[in-house]
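1. With the sequence up front, the predicted model follows.
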There are 2 protein chains.
Amino acid sequence: MSSKKSYEELKERFKKIALLGGTSSLLGWDERTYMPRGGANVRAEQLALVAGMIHEEVTDPRVGELLSELEQSDLVKDADSIDAANVREIRHWYGKKIKLPKDLVEEEKKVTTLAQGEWVTARKNNDFKAFQPWLEKIVALKLKIADAYGWEGEPYNALLDDYEPGATVKDVEATFAGLRDDLVVLLGKIKGAPKKPDVSIVERDYDVKLQRIFGEAVAGAMGYDFANGRLDITTHPFCTTIGPGDTRITTRYNPKRLNDALFGTMHEAGHGLYEMGTESEKNFGMPAGEAASLGIHESQSRMWENQVGRSKSFWKYFFPQAQRIFRDSLGDVKLDDFYGAINNVQPSYIRVEADEATYNLHILLRFELERALLTGDLKPADAASEWNSRFEKYFGIKVDCHANGCLQDVHWSAGLIGYFPTYTLGNLYSAQFFAQAKKDIPNLYDQFENGQFSPLREWLREKIHRHGGRYRATVLGKKVTGESLSHKPLIDYMTAKFGEIYGF
Amino acid sequence: MSSKKSYEELKERFKKIALLGGTSSLLGWDERTYMPRGGANVRAEQLALVAGMIHEEVTDPRVGELLSELEQSDLVKDADSIDAANVREIRHWYGKKIKLPKDLVEEEKKVTTLAQGEWVTARKNNDFKAFQPWLEKIVALKLKIADAYGWEGEPYNALLDDYEPGATVKDVEATFAGLRDDLVVLLGKIKGAPKKPDVSIVERDYDVKLQRIFGEAVAGAMGYDFANGRLDITTHPFCTTIGPGDTRITTRYNPKRLNDALFGTMHEAGHGLYEMGTESEKNFGMPAGEAASLGIHESQSRMWENQVGRSKSFWKYFFPQAQRIFRDSLGDVKLDDFYGAINNVQPSYIRVEADEATYNLHILLRFELERALLTGDLKPADAASEWNSRFEKYFGIKVDCHANGCLQDVHWSAGLIGYFPTYTLGNLYSAQFFAQAKKDIPNLYDQFENGQFSPLREWLREKIHRHGGRYRATVLGKKVTGESLSHKPLIDYMTAKFGEIYGF
């Protein structure tokens, strides 16, 4: 068989896998949006079945044969080509997945689907004890998976690689350490600053229907395409792709707080733009048509949420609209005061609602706890108390209830252990990318002031989105910015921004 | 291998098929409710993939081996037992499906998924020419399928059996002929009647949100369980089961007509009660856990819509509530006038909005056209004109546009040729079952007047729902009523009802 034919066969196989993956995404989307309660058990079985099928397809020995053949062919001669990248990344994925027995994959899917339902109830009832047996099951399962993959150093490495291919705890830790030190300095300056924003401005009445209208207008201005997507309400916001042409986002509304849904919508729409910007139809199911890593994915959501959505230029354009829509709450507010309020730095319980400066402390905390859960240094039974004591140390406030503590995030119930560090990697990348965008695009902030977001979006599409997974995150980062990943651009950006707001 | 083990294996296989079937149902539900426009192409591919997988599972030679083994075992000794029924019906299904090549199954799914989108547009634009090539494709595909199944008499028989196992055109025609004759007499009496209801009562303003609330209240009173289901809006209303515990219905609202959504909701909730009433969890994926036939299914929806929802007793209970909710439109209306308005008989274009007396003429028309399309006596290109000329003959009115003519129903675009007769079979069964229910349950109408619908629901559950597909429709009908299917109970019921309303 010619290598061209083999490559076509590989593509056909991964297209089928992508169709199944999108079907699984829809089962998951529906579960969290519209599924009636009674459907939970069968849904877990459906998700497990499809996960098992995907696993079987990915680990089909024929995939290994095709890869071996292609690795000897001209197709991969140019290691930088799209085709070579597809072969390289499928090999990486295949190499990991063939180590997992199918029943373990199905079990994980089933347990985590059920556990998410249990988590919702436990969170509502503020009941860690009810969730503990599920956490135990999930940690044991993830450890089994890490062991099956094989790992060096510590089991966490095997799981982290699922979300951030090629990343290691050691590298991540080194970058995080520098960030932690500089964050402490920055937070100290903010704490001792003479000026304090009046946060009550964004804690007035914000009609949920109007929030939705405003959020959709903002997402639309960003370029999120509602003909190829939609916005729904879920407990935990997310972005999911059912297939090329169908990338959906969700958010949650708080009638007494403007920030949550607004910046949440921008965040998820940022993810959505990445998904919509990959050449997913041309490379359907192939790595080049999918995201490079979750860190890169998060850099897109955080850039739109923070560097754009929390910038003064953005609000020079959107604030008059916001004042018209939320007249009772914003009619008498000055732009500068509003800008201060949406950028208020304040240690708080909930990660997804945290300000830019304290956000990464939330991630560092989870990163430490997860690693300890996997090494066995921390028992799941002690996760809540350990969370609370570390939280107090980092944030200087006592966790008042588990719903504001270790039950706040869906990740553990969803089996997403190893995922959290990608949030901070995403923040670092977003600052580094944005600093580059400011160099590459003349008058970027002026454009925001005029409601022009397409120059940034097209820059992102050109530099990042369209490449999909052609380059690993670290390589892509260097291609875009000429530099290795560093915490400096994020710290520089925050120091300048909060220096102005807080007057230091 | 013992027959017990083989039976377990068969059950496991059909549970998997049911999980895939439910996944396909969700893909279809989402397509018609919430999917963004851009998702259409990938959705067609996903549906085709899953249809192909189901086909592969059903036609796996192992199924044939297991059936052969079980057919020799004690399991089927009692031909009336649930186990024997499961083996019998799977054999029937398997015997048909192994005759279909997988690529034909996938092609049908893909073409019909795309055609449904094209139908929506063609209907909106009233453009038969745009739909014609799709109708041609679909008729050709269905003929291919009928030929692959093999048929006696005419190809329609092979397709009809997919929806109404064991039914033949000849039997159906014989029953329909008697119905046709008596309907002509009844409609003549109504036409010449001295009294005429004032239909304008139900064509006033009916706020869509209030319609929804009222419709949900009615469905709830019927026993439709919203913890195991939900109600959404679609162009063409339907009921679909994603799995045990998840049976969803849809409707469509007309702000200037109360009937459509209200009786549509009761209709779909009637289907829903059947699905919720089968022992689908115990017999997951097995014929005994699924509906006996589409005719029996339709008997349930039509009974709740008509024998219950269009009865005076029902409105003695619900009319005061309706008056409170729709005060401006119903506040000054008398119950008898309202009852007349919802039962007004009037030849009209749209089948799903037709009154009880003219409804079956719509079906007879489609039945004739479909048969002719399959024998080749009617070319798809001539379907619209033939429809219009026959319609005028039967109904005495000229079709004003294709959207009110052959483009009104989703069925042809969805490949559901052979399906329509089950609607009339359903009407016949519903009247026959309801006549029996009145004998079996003392004071049935009095119960309706008191808002008590559980005696009827439980009777249906006991006599019909819980048996699922254990008995073929004709056998079930005899078990419940002691008689073969006849058009007499429906004519008797309508003659009495319309005689009172129209004063003949």
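-> Looks like it came in fine.

2. wouldn't residue A:143 be in contact with residue A:155 here?
-> Yes: the criterion here is C-beta atoms under 8 Å, and residue A:143 meets it with residue A:155 at 6.0 Å. Placement of C-beta: from N, CA and C, glycine included.

3. who has more neighbours, the two?
-> residue A:155 (25 against 18; other C-beta atoms under 10 Å in any protein chain shown).

4. which residues does the more buried one contact?
-> Contact analysis of residue A:155 by C-beta atoms under 8 Å, 6 or more residues apart in numbering or on different chains lists A:143, A:146-147, A:374-375.

5. ok, now residue A:96?
-> Counting by C-beta under 8 Å, 6+ apart, residue A:96 makes contact with A:149, A:161-162.

6. which secondary structure element contains it?
-> helix A:82-97 (DSSP states H and E).

7. quick one: the worst-scoring helix or strand of chain A on mean pLDDT to helix A:82-97, angle?
-> The helix or strand of chain A with the lowest confidence, counting by mean pLDDT, DSSP states H and E, is helix A:102-125 at a mean of 92. Here helix A:102-125 points in a direction 80 degrees away from that of helix A:82-97 (axes from the mean of the first three to the mean of the last three C-alpha atoms, to 10 degrees).

8. count of neighbours near residue A:111?
-> The burial count for residue A:111: 19, using other C-beta under 10 Å.

9. wait, it sits on residue A:139?
-> No: between residue A:111 and residue A:139 there is no contact under C-beta under 8 Å: 11.1 Å.

10. so the residue nearest the centre of chain A is in which element?
-> Closest residue to the average C-alpha location of chain A: residue A:298 at 4.4 Å, with C-alpha atoms, centre = their mean. Secondary structure from DSSP H and E places residue A:298 in helix A:294-302.

11. Mind listing what's buried along stretch A:432-447?
-> Using 16 or more other C-beta atoms under 10 Å in any protein chain shown as the test for burial, stretch A:432-447 gives A:432-437, A:444, A:447.

12. which helix in chain A runs the most residues?
-> Longest helix in chain A, counting residues (DSSP state H): helix A:3-33.

13. average pLDDT for the next helix or strand along the chain from that one?
-> Once helix A:3-33 ends, the next helix or strand along the chain (criterion: DSSP H and E) is helix A:40-58. Mean pLDDT, computed over helix A:40-58, is 95.

14. ditto for stretch A:473-483
-> Per-residue pLDDT values over stretch A:473-483 give a mean of 98.

15. What's the local residue count around the closest residue to residue A:78 other than its chain neighbours?
-> In space, and not counting its chain neighbours, residue A:78 is closest to residue A:84: 6.1 Å by C-beta to C-beta, 6 or more residues apart in numbering or on different chains. Neighbours of residue A:84 under the rule other C-beta under 10 Å: 18.

16. From residue A:308, how far out is residue A:84?
-> For residue A:84, the distance to residue A:308 (C-beta to C-beta, to the nearest Å) stands at 34 Å.

17. Just confirm residue A:229 contacts residue A:243, I think it does.
-> No: the criterion here is C-beta under 8 Å, and residue A:229 misses it with residue A:243 at 11.6 Å.

18. Where does residue A:232 sit, in terms of helix or strand?
-> According to DSSP H and E, residue A:232 maps onto strand A:231-233.

19. by contact count, what packs against that strand?
-> Strand A:231-233 makes packing contacts with helix A:208-222, strand A:246-251 when contacts are defined by 3 or more C-beta pairs under 8 Å, 6 or more residues apart in numbering or on different chains; DSSP states H and E.

20. okay, the ones you listed in a markdown table with mean neighbour count, distance to chain B and mean pLDDT next?
-> Shown next, in a markdown table, are the helices and strands packed on strand A:231-233 (neighbours: other C-beta atoms under 10 Å in any protein chain shown; distance: least, C-beta to the nearest C-beta, whole Å; pLDDT from 0 to 100):
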| stretch | mean neighbour count | distance to chain B | mean pLDDT |
| --- | --- | --- | --- |
| helix A:208-222 | 18 | 13 | 97 |
| strand A:246-251 | 26 | 3 | 98 |
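
21. I'd like these laid out as JSON lines, including distance to residue A:197.
-> Shown next, in JSON lines, are the helices and strands packed on strand A:231-233 (distance: least, C-beta to C-beta, whole Å):
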{"stretch": "helix A:208-222", "distance to residue A:197": "21"}
{"stretch": "strand A:246-251", "distance to residue A:197": "24"}
